[in-house]
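Asks: Let's see this in three dimensions:
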Amino acid sequence: MMHEAELLPDPPAGLTMAVEGVPTDPRLLEAADRAARQWLSAEYGSLPPGSAEHARACRAMFRETFNPYRPAVIDWPVLAPEARQRLISLPIWDIAVHTEGKARLRMKAYADTNPDPDWREAVGLNAWEESRHKHVLSRLVEAYGITLAPEPEYKVPRDTEWAYLVTGYSECIDSFFAFGLFALARRSGFFPPELVETFEPVIQEECRHILLFANWLAAHRATLPWWKRPVFEARVVAVWAFLAAERIGLARGMDGPDAAKQDNNFTLTGSQAVADEMDVATLMQLCLEENDRRFAGYDARLRRPTTTPALARTALAVIRTWRGVGRVIRPIFSRG
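Replies: Now for the predicted structure:
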C-alpha cells in the first residue's frame, strides 16, 4: 500500500511555478524546457573552482535552468494493457521513491550547514527538486496503479558532508547509466513515446544535479586548507568503497528473500529490466554518448562529472581489446 507523501512545499523565493491543477501554456513549458538544457554564464573570463565567480555562476546556473513543471499538472498518458504491464513490472519503483526521499533529506541537511550563501541556496534548491522527483514518482505510481512497499523512516544524517558525498557520487553513477537506459527505452519502444516525453524533464534534471555536485566538489577541494585535504580525499575513497560494497551486496541479494527491501540499486535493476539482452559494450557506448549530449548545452567552463564516464571508457577499451585478442587467437585454437 502506498503512503501519500507530504505536500510538496513552495519553491524557493523568486522561482515561479505552474499553479496546482491548472494546465500551463505549452509554449511556456517548451521555453522552460529549452532553458533547462542551454545555459551560459554572464561571468567573464575563467571560472576557477573556489572563486566567488565560480560560486555565483553555479548558483545562477541552477536557478536559471530551473524547470517550473508541477507534478499535479503532469498529464500521464493512457497506456495500452501490455505497455502498462511492462511499466508496473519494472522492479525499480520502490528503489526510486526511497532514493529520492533519502536524497532530499541529505541534501537539505548539508545545505543548512553550508556557510557559503551561494552554495547553500543551490544545494537547497537541489534538495527541493529531489522532493519534487519523489512527488512525480508518487503521481506516476498512482496513475498506473503500481503498489509500493511502505516507505522507511528517513533520518537526518549526523555527518552531513559524508551524506552529501554519498548521495552526490551515487547520483553520478546512477544518472550516467540512466541516461543510456532512458535512450534505449525510447529507441526500443519499451515505453510508449508519450510516456518517455512526459518523464524527460526529470531525467534532464538529474543531469543538472550531478553538474552542480561536480562543481561543488571542485570548489570544496580548492578551498580546503592543505592540512584538511588528505582527510577529505580519504573520505572520498571511503565513499567509493562504500558505494561499491553496497552495489555488490545488493546485486547478490536481488533474488533473495529480502529482495523487496533493497532500496538503492536503480542501475542494476533498471538495466536488467530494460536491457536484458543488450550487449554490454553497446550499452556503455550509448551511456557515454547520452552523457555527452545532455551536458553539451551548459557552459563549458563548468566542471563535468568525470569518474563514472572514465571508468566506462576504460571498461569499454578493455572489452574491445579482449574481443580483438579473441578474434586473433580463436582461429589458432580452432585449427588445432
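Asks: State the mean pLDDT of the lengthiest helix in the chain.
Replies: In the chain, assigned by DSSP state H, the helix with the most residues is helix 193-223. For helix 193-223, mean pLDDT is 94.
Asks: helices or strands next to that helix in the packing?
Replies: helix 26-35, helix 52-64, helix 117-144, helix 160-188, helix 229-253, helix 280-295 (3 or more CB pairs under 8 Å, 6 or more residues apart in numbering; DSSP states H and E). Bear in mind the C-beta positions are built from the backbone N, C-alpha and C, glycine included.
Asks: Check the offset of the fifth one from the chain's centre.
Replies: Between the mean C-alpha location of helix 229-253 and the chain-wide mean there is a distance of 18 Å, by CA atoms, centre = their mean, to the nearest Å.
Asks: how much does it deviate in direction from helix 193-223?
Replies: 150 degrees (axes from the mean of the first three to the mean of the last three CA atoms, to 10 degrees).
Asks: What average pLDDT does helix 229-253 get?
Replies: Here the average pLDDT along helix 229-253 is 85.
Asks: so what does that helix touch, helix or strand wise?
Replies: Partner elements for helix 229-253 (3+ CB pairs under 8 Å, 6+ apart): helix 160-188, helix 193-223, helix 266-274.
Asks: looking at the ones you listed, which is buried most?
Replies: Each of these was given a mean neighbour count from mean count of other CB atoms under 10 Å, and the largest, a mean of 21, is that of helix 160-188.
Asks: picking that back up, okay, the helices and strands packed on helix 193-223 in JSON lines with distance to I210 next?
Replies: Converted to JSON lines, the helices and strands packed on helix 193-223 look like this (distance: least, CB to CB, whole Å):
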{"stretch": "helix 26-35", "distance to I210": "19"}
{"stretch": "helix 52-64", "distance to I210": "12"}
{"stretch": "helix 117-144", "distance to I210": "10"}
{"stretch": "helix 160-188", "distance to I210": "5"}
{"stretch": "helix 229-253", "distance to I210": "14"}
{"stretch": "helix 280-295", "distance to I210": "9"}
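Asks: and of these, who's closest to R303?
Replies: helix 52-64 (9.1 Å; CB to CB).
Asks: L137: which of the helices and strands packed on helix 229-253 is closest?
Replies: Nearest of the helices and strands packed on helix 229-253 to L137, taken as CB to CB: helix 193-223 at 8.6 Å.
Asks: how big is the angle separating that closest one from helix 117-144?
Replies: Using the same axes, to 10 degrees: helix 193-223 against helix 117-144 is 160 degrees.
Asks: the inter-axis angle of helix 193-223 versus helix 160-188?
Replies: 150 degrees.
Asks: quick one: helix 193-223 to helix 26-35, angle?
Replies: 40 degrees.
Asks: What residues does the residue nearest to A315 when sequence neighbours are not counted make contact with?
Replies: Leaving out its chain neighbours, the residue that sits closest to A315 by CB to CB, 6 or more residues apart in numbering is M284, at 6.2 Å. M284 makes contacts with G180, A312, A315, L316, I319, as judged by CB atoms under 8 Å, 6 or more residues apart in numbering.
Asks: Just put the helices and strands packed on helix 229-253 in JSON lines and tack on distance to R63.
Replies: Shown next, in JSON lines, are the helices and strands packed on helix 229-253 (distance: least, CB to CB, whole Å):
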{"stretch": "helix 160-188", "distance to R63": "19"}
{"stretch": "helix 193-223", "distance to R63": "11"}
{"stretch": "helix 266-274", "distance to R63": "27"}
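Asks: To R120, which of these lies closest?
Replies: Per CB to CB, nearest to R120 of the helices and strands packed on helix 229-253: helix 193-223, 11.0 Å.
Asks: which residues touch V280?
Replies: Counting by CB under 8 Å, 6+ apart, V280 makes contact with I319.
Asks: sorry, that was for Y154
Replies: G101, K102, R104, L105.
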